[in-house]
Each structure stands twice: as structure tokens, then as C-alpha cells.
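**Student:** okay, sequence plus prediction incoming.
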Amino acid sequence: LRSTANRAIIREGNPDLEPTVNDNFEFGVEYYVPDRVAYAKAAVFYKDIDDNITNISLADVPADIEARVRDYLAPLEAMQPGLLDGLNQDTEYLLQRPENGAGGSIHGIELEGATNLDFFPESWPDFLANIQLLGNITWTDAEFPTLISARDENGDSIQLSVDRPLAEQSEWAGNASIAY
């Protein structure tokens with residue numbers, strides 16, 4: 001509880017969560033260079049995801065939320081008298097918990113390649129033929145409808161459904177390495 005924000009938030013688990021289910025499809029082609037240690041790969045993929053788990057904040061909270069907040073904080077008030085004085089009729093109560101989302105999809109393209117440095121002229125040092133360069137890059141796009149809390153023009157809490165990319169998923173990912 002903060003004196004600057006007349007808000008109480010309960011974060012709780014959700015024993016009613018369903019497991020996330022994925023259907024994955026991928027099509028790829030590979031080319032191995034004849035008489036060399038080198039290859040190139042390309043693939044496209046699509047993932048259909050149902051019941052994804054997402055954390056949401058609910059402004060439309062159960063009627064017992066104030067009592068739950070007070071019960072939870074009661075032992076702390078014994079150590080810090082007046083802790084619950086900030087809870088009044090103007091207090092906004094929010095419930096944050098994981099929920100099963102409506103699902104979504106991820107699709108993208110992967111490119112990968114590797115080659116040994118065995119193509120240099122024979123006048124170059126022999127050990128270069130044993131050095132291998134590897135790299136890959138992946139582009140992904142995702143759409144997941146998600147509930148978020150917002151405020152309407154009157155300042156009242158409302159729930160909105162927005163399409164968003166997969167949380168913490170970069171659009172581009174890649175790596176490169178050198179091996180001997």
C-alpha cells in the first residue's frame with residue numbers, strides 16, 4: 001500500500017489453468033555442397049497455440065477482494081499499526097493472475113548455413129581448412145489476443161482485448177560461431 005496510489009493488488013495463482021497445446025508445422029529444404037564440408041538450410045514454420053498462459057490484471061474483481069486484502073495484510077498490521085488505514089471506499093482493487101488466453105499463432109522463416117574454410121588456395125596455411133563458420137537467422141511474427149486493463153473516458157477500469165506479439169519474443173534472432 002502506498003499513500004500516493006489508492007490501489008490494492010492481489011497476485012494469485014490459478015489452479016484452473018489448462019495446459020497449453022501446440023500444433024507445429026515446418027517445411028524445410030537442405031543443400032549439402034558436394035565434396036566439401038558445407039551446407040545451407042531454409043525452413044518456414046507455423047505454430048498454432050491453444051490455451052496459452054498469460055498474466056492479466058482484472059479490474060472486475062470478485063466481491064470478496066477487499067476482505068481478502070484485509071485478511072492477507074492483518075498479520076502485518078500487528079507489526080505496523082495503521083497499515084490498513086489507507087484502505088477506504090475510494091480504494092481500487094485489482095486482481096492479477098495467470099489465465100488461459102484465447103490462443104494465437106507464430107510463423108516465421110529460418111535460414112542456416114555452415115562451411116569449412118577449405119576453399120582457400122593451397123598456398124594458405126593448412127589449418128584454415130579445419131576452421132568452420134556457422135550461422136543462422138530466424139524471423140518470427142506472432143499474434144496473441146490478450147486482455148489488458150485500461151481506463152475509459154470517465155476514469156473507470158475496463159478490460160480490452162488487444163492483439164500483441166508473443167511476450168519477450170524478438171522479431172529477429174540469430175547467431176554465428178567459429179569452430180575448429
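**Tutor:** Yep, it's here.

**Student:** where does Thr138 land on pLDDT?
**Tutor:** pLDDT, Thr138: 97.

**Student:** next SSE after the longest strand that the chain contains?
**Tutor:** When the chain is parsed with DSSP state E, its longest strand is strand 132-151. Using DSSP states H and E, the helix or strand that directly follows strand 132-151 along the chain is strand 157-164.

**Student:** give me the angle between that next one and strand 132-151.
**Tutor:** Calculated by axes from the mean of the first three to the mean of the last three Cα atoms, to 10 degrees, strand 157-164 forms an angle of 160 degrees with strand 132-151.

**Student:** contacts for strand 157-164 next, please.
**Tutor:** Applying Cβ atoms under 8 Å, 6 or more residues apart in numbering, the external contacts of strand 157-164 come out as 58-60, 92, 94, 102, 143-152. Bear in mind the C-beta positions are built from the backbone N, C-alpha and C, glycine included.

**Student:** now for the next helix or strand after it, which elements pack on it?
**Tutor:** Next helix or strand after strand 157-164 toward the C-terminus (DSSP H and E): strand 172-179. With contacts taken as 3 or more Cβ pairs under 8 Å, 6 or more residues apart in numbering; DSSP states H and E, strand 172-179 sits against strand 132-151.
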